[in-house]
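J.: structure, please.
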Amino acid sequence: MRYSSETDRAWKAAARCRGLDPNLFYPERGDGGGDEAKEVCRECPVQVACLEHALRFREKLGVWGGCNEADRRRIIRTRAQGLRRKRDQETAGSVGT
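T.: Okay, here's the model as predicted:
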């Protein structure tokens, strides 16, 4: 997905969290990792776009796309490991040719 200010506005306008108390999505540490916010996100039609925004722009705080900070760090780490494996496989394949 290519990002522009227009696509950014489009998904934000359709977000289920729009108009809700922002504090719900920025819970204090130890408040269950934003479980109530994650529940809102589960039913959101733009959950994937929201999560991808948070990953792309490295949002450090809050619940975005149904994921809290720890969830997003895990996703970023998993994606990076997958990219490294793919690169290593491609490198190993080109060595023999």
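J.: so what does the helix or strand harbouring Ser94 touch, helix or strand wise?
T.: Taking DSSP states H and E as the definition, Ser94 sits inside helix 69-95. Using 3 or more CB pairs under 8 Å, 6 or more residues apart in numbering; DSSP states H and E as the contact test, the elements touching helix 69-95 are helix 47-56. Using the backbone N, CA and C atoms, a C-beta is placed for each residue, glycine as well.
J.: what does the pLDDT read for Gly96?
T.: pLDDT recorded at Gly96 is 59.
J.: mind pulling up the pLDDT for Asp21?
T.: Here, the pLDDT recorded for Asp21 equals 96.
J.: next: Val63.
T.: The model's pLDDT for Val63 equals 97.
J.: also Glu52?
T.: pLDDT for Glu52: 95.
J.: Arg29 too?
T.: Arg29 is given a pLDDT of 76.
J.: related to what we said a few turns ago, quick one: the helix holding Ser94 to helix 47-56, angle?
T.: Relative orientation of helix 69-95 versus helix 47-56 (axes from the mean of the first three to the mean of the last three CA atoms, to 10 degrees): 80 degrees.
J.: so how far is helix 69-95 from its chain's centroid?
T.: For helix 69-95, the gap between its own C-alpha mean and the chain's C-alpha mean amounts to 17 Å (CA atoms, centre = their mean, to the nearest Å).
J.: in it, what counts as buried?
T.: Neighbour-count burial for helix 69-95, counted by 16 or more other CB atoms under 10 Å, picks out Glu69, Asp71, Arg72.
J.: what is the nearest of the residues you listed to Arg9?
T.: Ranked by distance to Arg9 (CB to CB), the buried residues of helix 69-95 are led by Arg72 at 22.1 Å.
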